[in-house]
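> Here is my input; please provide its structure:
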Amino acid sequence: MRTIFTFSFFLISISLFSQDLSGHWEGYITQDGKTDTFLYQVDFQAGTKSYPGTSFSQTKDGANSASFQLTAYLDGQQLILQELNQIQPPKPKWCLKYATLTLEQFPFHDRLRGRWKADGCTPGDMMLERRKIPLDEEKEEVIPPTINGKWTGTLSQSDRDYGFYFEADLHEGRRGQSYIVSEDNGGSAFHKLEWRYDSIFQLLSFKELEVASKTDPRWQWCIKSGTLSFRREASRLVLEGDWNGFIEGYDLDTGPCANGSVYLEKPILTRRMVQKQSMLQQPYEAESKRTIKVERVLEVQSSSIKIKVWDNGTVDGDVATLFLNGERILHEFRVDKRKFGIPVKLNQNDNFLVLHAESLGDISPNTVAISVDDGVKEQIIILSSNLNESGAVMIRKFQVSN
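Prediction:
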């Protein structure tokens, strides 16, 4: 069974959150040595340390169920739960459970997890979760998107079988800089650039002017230019098109580069997304001394997804940790060519996946390929992180607009 770790600062900062456990909790119970899993729900009434309430247990196929009266007592971060009597049905009698549960608190949900036992019954595990964000969230207010700002994506080249991580930061005054990372030799580099946007034809033209800095002084980068088509999708802005260029120190006649294509994205954010990001970002930045940059927004059709991680370029010893909504789901993993899969369940509509670089390997920064598979389609992105900034992607559950 995969162990889920929690980042220490979330446990340290629990005191910042309310200890009121009232409300609706959902989860499961198991029995040692048995394959059956029972759905389990608890509704606690308002309290400070003592919580009366009811519970509901059901077989996974829904054929059998029972409800109970219970009481619970919170002592620090430990909750003692005791079912007192069975409400429905009168017969057959179910186990009256006694559980000792540990409270864990995250930005968007709370969790109770521990062991239960009962007279004459096989003991087992119990897990319950409660959302912090109301289900009936009000209509989202979209933050007006602009062409200015940071765009992230990939760059390909016709003579190579691998891609480059690519950023374009478009500043005011039609100036800016690009950032490129090679998954083979060359390391990374910043280029100064100029750009122009045609709002009528929705085309963005860019031209790199020079290499501003690079990690490998011996490597000669391509000075690129191109025209990219702009489009708006449900959760992102997209720039996509072809580029050509020449090797630095030459020109198009004396040192042309093999041409290629560029794909860049910029997430469309809402006020609520920014608030959620801030809830996650503040304790993360306080503990890790790193900022978070949201690079992509992915929409999924299911709450149950599989996240896969691998090195899509040169295996250079990158070690990475993944956090989903503040919870560590992958711990100090040495990334290689093999795809490592992590099944997860999304607890809310907007979910933040953060790549935390533990080490940068031989080639800086830490770049890994990540796929998100919801059973309908698999979406693949490249995330980049260093020791100052952590790349992130927002995973949104698809919702039908009213």
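
> Mind listing the residues bridging to the residue positioned nearest the centre of the chain?
The residue lying closest to the centre of the chain (Cα atoms, centre = their mean) is residue 353, at 1.3 Å. Residue 353 has these beta-bridge partners by DSSP bridges: residue 324, residue 393.

> That one touches residue 392, doesn't it?
Yes: between residue 353 and residue 392 there is a contact at 6.3 Å, judged by Cβ atoms under 8 Å. In this view, the C-beta of every residue, glycine as well, is placed from N, C-alpha and C.

> what residues are up against the residue nearest to the centre of the chain?
Each residue near residue 353 by Cβ atoms under 8 Å, 6 or more residues apart in numbering is listed here: 307, 322-324, 370, 372, 392-395.

> same thing with residue 84?
Counted by Cβ under 8 Å, 6+ apart, residue 84 has contacts 68-71, 96.

> Taking those residues together, which two end up most distant?
71 and 96 (11.8 Å; Cβ to Cβ).

> How much space separates the residue nearest to the centre of the chain from residue 107?
For residue 353, the distance to residue 107 (Cβ to Cβ, to the nearest Å) stands at 13 Å.

> Also residue 46?
23 Å.

> Compare these two (neighbour count), which wins?
residue 107 (23 against 11; other Cβ atoms under 10 Å).

> Can you verify my assumption that that one contacts residue 326?
Yes: at 5.0 Å, residue 107 and residue 326 qualify as touching, with contact defined as Cβ under 8 Å.

> quick one: low-confidence ranges for this protein?
1-19, 133-143, 183-184, 270-283, 285-286, 312-316, 359-365, 399-402 (pLDDT under 70).

> in it, which spans are helices?
8-12, 271-288 (DSSP state H).

> The closest residue to residue 374 other than its chain neighbours: neighbour count?
Nearest residue to residue 374 in three dimensions, chain neighbours excluded: residue 300, at 3.9 Å (Cβ to Cβ, 6 or more residues apart in numbering). Residues within reach of residue 300, counting by other Cβ under 10 Å, total 20.

> do the one 4 residues further on as well
For residue 304, the neighbour count with other Cβ under 10 Å is 11.

> One more: residue 58?
For residue 58, the neighbour count with other Cβ under 10 Å is 15.

> I'd like to check which residues are in contact with it.
38-40, 64-66 are the contacts of residue 58 under Cβ under 8 Å, 6+ apart.

> swap the cut-off to 6 Å and go again
Residues in contact with residue 58, defined by Cβ atoms under 6 Å, 6 or more residues apart in numbering, are 39, 65.

> which residues does it form a beta bridge with?
residue 39, residue 65.

> just to revisit the earlier point, and which of the contacts of residue 84 is nearest residue 205?
residue 70 (66.1 Å).

> Distance check, the residue nearest to the closest one when sequence neighbours are not counted against residue 213.
With sequence-adjacent residues excluded and distances taken as Cβ to Cβ, 6+ apart, residue 70 is closest to residue 83, at 4.6 Å. Using Cβ to Cβ, residue 83 is found at 64 Å from residue 213.

> quick one, which of these two is more surrounded?
Between residue 83 and residue 213, residue 83 has the larger neighbour count (other Cβ under 10 Å), namely 26 against 12.

> didn't the more buried one look like it was pressed against residue 66?
No: at 9.8 Å, residue 83 does not count as touching residue 66 under the criterion of Cβ atoms under 6 Å.

> What separation do you get for residue 91 and residue 38?
In terms of Cβ to Cβ, residue 91 sits 18 Å off from residue 38.

> Looking at those two, which is more packed in?
Taking neighbours as other Cβ under 10 Å, residue 91 and residue 38 compare with residue 38 leading, 20 against 6.

> and the more buried one, how far is that from residue 391?
Relative to residue 391, and taking Cβ to Cβ, residue 38 is found at 39 Å.

> now swap in residue 374 and tell me
Applying Cβ to Cβ to residue 374 and residue 391 gives a distance of 21 Å.

> and what of residue 104?
As judged by Cβ to Cβ, residue 104 and residue 391 stand 25 Å apart.

> So for these two, which sits in the more crowded spot?
Taking other Cβ under 10 Å, residue 104 and residue 391 do not tie; residue 391 has more neighbours (27 against 18).

> hang on, that one packs against residue 382?
No: judged on Cβ under 6 Å, residue 391 makes no contact with residue 382 at a distance of 8.8 Å.

> and this protein, what are its domains?
What automatic domain parsing lists as the domains of the chain is 5-131, 149-267, 271-397.

> starting at the chain centroid, how far to the last one?
For domain 271-397, the separation from the chain centroid amounts to 5 Å (computed by Cα atoms, centre = their mean, to the nearest Å).

> Also the shortest one?
Its chain's C-alpha centre and that of domain 149-267 lie 26 Å apart, by Cα atoms, centre = their mean.

> Enumerate every residue touching residue 323.
Here residue 323 is in contact with residue 354 (Cβ under 6 Å, 6+ apart).

> From residue 368, how far off is it?
On the measure of Cβ to Cβ, residue 323 and residue 368 end up 14 Å apart.

> burial measure for residue 366, as a count.
The burial count for residue 366: 27, using other Cβ under 10 Å.

> so residue 397 makes contact with residue 348?
No: checked against Cβ under 6 Å, the pair residue 397 and residue 348 is beyond contact range at 7.9 Å.

> Look at these two and report which has more neighbours.
More crowded of residue 397 and residue 348, by other Cβ under 10 Å: residue 348, with 19 against 16.
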